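K.L.:
Next comes the sequence, and after it the predicted model I'd like to discuss.
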Amino acid sequence: MVIQDLSKPLNVEKEIKLYSGSGNRELAQKIADRLGLTLSGLKLEKFANGETYARFDESVRGDEVFIIQCIAGENVNDLLMELLIITDAAKRASAASVTAVITHYAYARQDRKAASREPITARLVANLLEAAGVDRIITIDLHSNQIQGFFDIPVSHLTALYNFGDYFRRKNFDWDNTVVVSPDMGRAKVAKKLADYLGCEMAIAHKSRPKHNEAEVMGVIGNIVGKTCIINDDMIDTAGTLVGSIKKLKEMGAGDLYISATHGIFSGAAIERLENAPIEECVVTDVIPCAVANRPGSKIKTISVSDELANAIIAVYTNNPVTAVFGGASEM
């Protein structure tokens, strides 16, 4: 048996390992290419009854493990369980740490009790991730910043806001005749940041909610008449309320309309609604896969945040600030 000579420094270096769940392998591959790493060594299967099986085909003992997972789509619950199971496998295989790179955080809209006897499911998901053994979270544009406080582990919260800003800058709009429109009062602070970045004015849509999960624009604070309007939100789900707001803004005299959102969930008939809506483009990031995006004639466009997520992973691995990557909102 070889005995380590403890009189000399131990030559121990934690290796970085990158793995992908099945939520968004295309984005995971882009991140891996940016980092010069290989996505391999993780076996994911389904048992006949639908249960998830995960096993690492390579050693992760003492390694810094990063798991990229998008928790969205029709199989959102399966993807959440998949992340929990992969994490458990990594911890039981003696990984030094597990960082979950969650490109879309499931149940983020259930972040408070809006009515009696409701759950706070965003907090429940945080508890599940911690119980599974996740040591750190990297995520992007949470539905509300308060979700970071649901965790007792570090959360690196990034934003795609400036990616959208760079995208619209390349269009060379007449910025004196352009306005960033906040879809509601809650997004006003974010809209102001984007407007300042683009050097244009902002406006705020005032909504009423006649019933649960429905909203309609009652008025606009600011001037949108004849102006190019950029509406920025964190997510688009069914797009029903959004398209209704777009039509109302058009009735109020808005010029060309552009939509941008980090998370294009696009449930149900969302894409059909957006394609038929009076807009020029709907721009989303690639954090959630979208098969129809960027096709000829489609109004749905995507921009990639793979470089920023890759830089965030490197910053975490090298113990450097993540906020410097691309305007991260905050880090616990």
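P.N.:
In hand now; what should we look at?
K.L.:
What about residue 61, how many residues nearby?
P.N.:
Neighbours of residue 61 under the rule other C-beta atoms under 10 Å: 11. No exception for glycine: its C-beta is placed from N, CA and C like everyone else's.
K.L.:
what's it sitting at in phi/psi?
P.N.:
Note on residue 61: backbone dihedrals following degrees, to the nearest 10 are phi -60, psi 120.
K.L.:
Need the nearest residue in space to it, chain neighbours excluded.
P.N.:
In space, and not counting its chain neighbours, residue 61 is closest to residue 94: 4.3 Å by C-beta to C-beta, 6 or more residues apart in numbering.
K.L.:
Now do the same contact list for that neighbour.
P.N.:
By C-beta atoms under 8 Å, 6 or more residues apart in numbering, the contact set of residue 94 is 60-62.
K.L.:
so it sits in a helix?
P.N.:
No. Under the criterion used here (DSSP: H, G, I helix; E, B strand; the rest coil), residue 94 is coil, not part of a helix.
K.L.:
could you measure it against residue 62, distance?
P.N.:
7 Å (C-beta to C-beta, to the nearest Å).
K.L.:
so what's the nearest residue to residue 192 once chain neighbours are set aside scoring on pLDDT?
P.N.:
Nearest residue to residue 192, sequence neighbours excluded (C-beta to C-beta, 6+ apart): residue 202, at 5.6 Å. At residue 202, the predicted lDDT confidence score is 94.
K.L.:
can you pull the buried residues of the helix or strand containing residue 202?
P.N.:
Residue 202 is part of strand 201-208 when elements are defined by DSSP states H and E. The neighbour-count check on strand 201-208 (16 or more other C-beta atoms under 10 Å) flags 201-205, 207 as buried.
K.L.:
As JSON lines, these with distance to residue 270 would be great.
P.N.:
What follows is the buried residues of strand 201-208, written out as JSON lines (distance: C-beta to C-beta, whole Å):
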{"residue": "201", "distance to residue 270": "29"}
{"residue": "202", "distance to residue 270": "26"}
{"residue": "203", "distance to residue 270": "24"}
{"residue": "204", "distance to residue 270": "24"}
{"residue": "205", "distance to residue 270": "19"}
{"residue": "207", "distance to residue 270": "19"}
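K.L.:
of those, closest to residue 159?
P.N.:
Closest approach between the buried residues of strand 201-208 and residue 159, by C-beta to C-beta: residue 202, at 16.9 Å.
K.L.:
quick one: the closest one and residue 236, what's the gap?
P.N.:
20 Å.
K.L.:
just residue 69 next, same as before
P.N.:
Residue 69 sits 20 Å away from residue 236, going by C-beta to C-beta.
K.L.:
State the distance from residue 20 to residue 303.
P.N.:
For residue 20, the distance to residue 303 equals 20 Å [C-beta to C-beta].
K.L.:
actually residue 75, sorry about that
P.N.:
Here residue 75 is placed at a distance of 25 Å from residue 303 (C-beta to C-beta).
K.L.:
So what pairs up with residue 225 in the strands?
P.N.:
Residue 225 forms beta bridges with residue 254, as assigned by DSSP bridges.
K.L.:
Hmm, residue 252 and it touching each other?
P.N.:
Yes. Using C-beta atoms under 8 Å, residue 225 is in contact with residue 252, at 7.3 Å.
K.L.:
Domain-wise, how is the protein divided?
P.N.:
Per automatic domain parsing, the domain ranges recorded for the chain read 16-159+307-331, 161-303.
K.L.:
Where among those is average confidence lowest?
P.N.:
When those are ranked by mean pLDDT, domain 161-303 comes last with a mean of 90.
K.L.:
distance between the ends of that one?
P.N.:
11 Å (C-alpha to C-alpha, to the nearest Å).
K.L.:
Please renumber the chain so that the first residue is 157 from this point on.
P.N.:
OK, 157 is where the count begins now, so the last one is domain 317-459.
K.L.:
residue ranges for the strands of the stretch 207-356 of the chain, please.
P.N.:
208-212, 220-226, 253-260, 292-296, 311-314, 334-338 (DSSP state E, counting those that start in this stretch).
K.L.:
What strands line up against the second one, and which way round?
P.N.:
Just to be clear, that refers to strand 220-226. Going by DSSP bridges, the partners of strand 220-226 are strand 172-176 (parallel), strand 253-260 (parallel).
K.L.:
Could you do the fourth one as well?
P.N.:
Within its sheet, strand 292-296 is paired with strand 253-260 (parallel), strand 311-314 (parallel), according to DSSP bridges.
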